[in-house]
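**Q** With the input below, show me the fold.
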Amino acid sequence: MPATAQKIRPCLWFDGNAEEAVDFYMSLFPGSDSEILEVQRWGKEGPGVPGSVLTMEFRLAGTEYQALNGGPEFKFNEAVSFSVDCADQAEVDRLWERITADGGEGGPCGWCKDKFGLSWQIVPRRLVELLADPDEERSARVLAAMMKMGKLDVAALESA
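**A** I've put the predicted structure just below:
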């Protein structure tokens, strides 16, 4: 395991496609704060195919993760999701479209799943501001509007 400033990091369990998943996640958040830190490969002792990826340590938008090719025993579920702070509607749209493409799926209230089954919350920063509005009635209208949405729509939230 590489030296890291981050004491705790999530480990994501995959069934042989960790490298594909990490490449996909890196494409969602390109930049200097996203990089592959280390790759461990199976040796001849197995049980994985010698030379194939066992684990990958990577940094995604400044947060470190580990991807593990652990096998088919465990699947992702909504009990764990990644919440993404989006600056604007354009970022919401870009991430939602990319994450739900090629086998991913949209869900309610800004939640979606990628093709690997990992859940994401694609949240415009403006929603957080609107929900914190001191006008409780306005905040309640925003919450009610959000509850009816799949992908979140900033303009519709603002007009609530």
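
**Q** Look up the closest residue to residue 95, ignoring the ones flanking it.
**A** residue 122 (5.1 Å; C-beta to C-beta, 6 or more residues apart in numbering). (Glycine included, C-beta is placed from N, CA and C.)

**Q** Let me know the distance separating that neighbour from residue 86.
**A** Computed as C-beta to C-beta, to the nearest Å, the residue 122 to residue 86 distance reads 6 Å.

**Q** Also residue 67?
**A** 23 Å.

**Q** and these two? which has more neighbours close in?
**A** residue 67 (26 against 23; other C-beta atoms under 10 Å).

**Q** still on that earlier bit, ok, and the residue nearest to residue 95, which helix or strand is that part of?
**A** strand 119-124 (DSSP states H and E).

**Q** any idea which helix or strand comes after that strand?
**A** helix 125-131.

**Q** that older thread, give the residues shared as contacts by residue 122 and residue 86.
**A** Jointly contacting residue 122 and residue 86 under the rule C-beta atoms under 8 Å, 6 or more residues apart in numbering are 92, 95.

**Q** For residue 104, give its distance to residue 115.
**A** In terms of C-beta to C-beta, residue 104 sits 5 Å off from residue 115.

**Q** what comes up buried for stretch 129-147?
**A** 130, 141, 142, 145, 146 (16 or more other C-beta atoms under 10 Å).

**Q** Could you do stretch 60-75 as well?
**A** For stretch 60-75, by 16+ other C-beta under 10 Å, it's 60, 64, 65, 66, 67, 68, 69, 70.

**Q** Equivalent analysis for stretch 14-24, please.
**A** Buried-residue list, stretch 14-24, by 16+ other C-beta under 10 Å: 14, 18, 19, 21, 22, 24.

**Q** Please tell me I have it right and the first one contacts residue 115.
**A** No: taking contacts as C-beta atoms under 8 Å, residue 14 lies outside contact range of residue 115: 11.5 Å.

**Q** shared neighbours of those two, anything?
**A** With C-beta under 8 Å, 6+ apart, residue 14 and residue 115 have no common neighbours.

**Q** Pop the domain breakdown of the chain in here.
**A** Here the domain parsing of the chain from automatic domain parsing is 11-69, 81-159.

**Q** Indicate which one of these is closest to residue 75.
**A** Closest approach to residue 75 among these is made by domain 81-159 (5.8 Å; C-beta to C-beta).
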